[in-house]
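>>> Below are the sequence and a predicted model for it; my questions follow.
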Amino acid sequence: MAMDSVIRIGTRGSRLAIWQADDVAARLARAGITSEKKVIVTKGDVDRDTPLPELGDKGLFTAELDLALLEGSIDLAVHSLKDLPTVLSDGLALAAVPVRAAPWDVLVARTTEVTSLEDLPQDAVIATGSLRRAAQLRAWRPGIRIASVRGNVETRLATLETSDWDGMILAEAGLVRLGLGDRITESIDPRIMLPGVAQGALGIVMAWDRMDAFSDMIRLLDDPFVHQVVRTERAFLRTLQGGCQVPIGALARRVDVGVLRLEGFVASLDGSRIIRGEQSGPENDPESLGSDLAQELIDRGAADVLASFHDQSR
């Protein structure tokens, strides 16, 4: 890669997506590499009203960026990694995963009287657009009511202010990246709410046939350990063949030198059935750890839960 080349960075147009692209651009600038952003509108950006499970999850926030990569109009695309399908379009690769932000889900309460989930009334109304979050909330407190919400982070927070909801669940990483960390009421214990796959991580996608030419840049952007961790979580999701239509969560963490522990779950939408487990394995074989835990959950009944969702989507 010539150091005088201008790297074309593809991104969605939300404030958070622009922040993520700017963060990548700043990393490149520190190495003397010039870049420019190209904003690309995706299907998920156009339709902001339909609940995500009804839209489906195949390329909802990625297909248009994929096409730009394959056509060569951009050099790389920056995504929230949780939005990326576990199987990428032909000709594309997950080239780099930078340092991961906090993966946790957080409560944003509407009033200051609520300081934690425990303060919520038994029939509290909590807003979220995530089936994963909704199922875990219902499992934690069966009487809780869920309000569906879509839109970017700022839109969701503004809606909360004018609603009669008790609170909202959002990703800590997004709030902190937007300078809205002071809105966080509580970081939710992962024993109550396990994060989404790769939550808090960025994914940098490139065309396979251009990666050799950009190998130096990829090394600048990639954190090898984080890349291994998210490969573990994504292998878990891929083996389960799940997406945004199924409540699935996973989190991998280093527990010893060279050892990862992966926690994961599959749940029914109403939270009445949660199949959860954990396994440990070598850090240098992340795919096996993810697929092995997924298979364990399938053997324990996750297949029935998954089948019920697939039947509903037909």
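Structure received.
>>> For stretch 22-34, buried residues please.
Judged by neighbour count (16 or more other C-beta atoms under 10 Å), stretch 22-34 contains these buried residues: D22, V24, A25, R27, L28, I33. C-beta coordinates here come from the backbone N, C-alpha and C atoms, glycine included.
>>> low-scoring stretches of the chain, by residue?
Within the chain, the segments meeting pLDDT under 70 span 1-4, 44-60, 242-245, 309-314.
>>> hmm, try it at 50
Where the chain drops to pLDDT under 50, the residues are 2-3, 55, 313-314.
>>> how does it divide into domains?
Taking automatic domain parsing as the reference, the chain has its domains at 6-98+201-222, 105-187, 237-313.
>>> Any chance of JSON lines for these, columns distance to L194?
Output for those, formatted as JSON lines (distance: least, C-beta to C-beta, whole Å):
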{"stretch": "domain 6-98+201-222", "distance to L194": "13"}
{"stretch": "domain 105-187", "distance to L194": "7"}
{"stretch": "domain 237-313", "distance to L194": "4"}
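>>> Would you mind listing the buried residues in the host helix or strand of G277?
Applying DSSP states H and E as the criterion places G277 in strand 274-282. Within strand 274-282, the residues that count as buried by 16+ other C-beta under 10 Å are I274, I275, R276, G277, Q279, G281.
>>> Next, the residues that contact it from outside, please.
Residues from elsewhere that reach strand 274-282 (C-beta atoms under 8 Å, 6 or more residues apart in numbering): 135-136, 139, 194, 255, 258-268, 288-289, 292-293, 296-297, 300-302, 305.
>>> tell me the angle of the helix or strand just after that strand relative to strand 274-282?
Per DSSP H and E, the first helix or strand lying C-terminal to strand 274-282 is helix 286-297. In terms of direction (axes from the mean of the first three to the mean of the last three C-alpha atoms, to 10 degrees), helix 286-297 departs from strand 274-282 by 150 degrees.
>>> Go ahead and measure how far helix 286-297 is from the middle of the chain.
Helix 286-297 sits 19 Å away from the centroid of its parent chain (C-alpha atoms, centre = their mean, to the nearest Å).
>>> Equivalent analysis for stretch 250-264, please.
Relative to the chain's own centre, stretch 250-264 is displaced by 18 Å; criterion: C-alpha atoms, centre = their mean.
>>> Tell me the one among the buried residues of stretch 22-34 nearest to F61.
Set against F61, the nearest of the buried residues of stretch 22-34 by C-beta to C-beta is V24 (16.7 Å).
>>> secondary structure class for that closest one?
helix (DSSP: H, G, I helix; E, B strand; the rest coil).
>>> Likewise for A77?
strand.
>>> Select from the contacts of strand 274-282 every entry located in helices.
Mapping those onto helices (DSSP state H) picks out A135, Q136, A139, S288, L289, D292, L293, E296, L297, V305.
>>> Pretty sure the third one sits against A267.
Just to be clear, that refers to A139. Yes: A139 lies in contact with A267 (C-beta atoms under 8 Å); the separation is 6.6 Å.
>>> quick one: which of the two has more around it?
More crowded of A139 and A267, by other C-beta atoms under 10 Å: A267, with 25 against 21.
>>> and the strand holding G277, which strands flank it?
Take DSSP bridges as the rule and strand 274-282 pairs in its sheet with strand 259-267 (antiparallel).
>>> Closest to the centroid, which residue in the protein?
Nearest to the mean C-alpha position of the chain, by C-alpha atoms, centre = their mean, lies K82 at 2.3 Å.
>>> residues near the nearest residue to I192 once chain neighbours are set aside, how many?
Distance criterion C-beta to C-beta, 6 or more residues apart in numbering; nearest residue to I192, sequence neighbours excluded, is W140 at 5.1 Å. Counted by other C-beta under 10 Å, the residues lying close to W140 total 16.
>>> Distance check, W140 against Q122.
Here the distance between W140 and Q122 works out to 12 Å (C-beta to C-beta, to the nearest Å).
>>> Check T42 too.
As judged by C-beta to C-beta, T42 and Q122 stand 39 Å apart.
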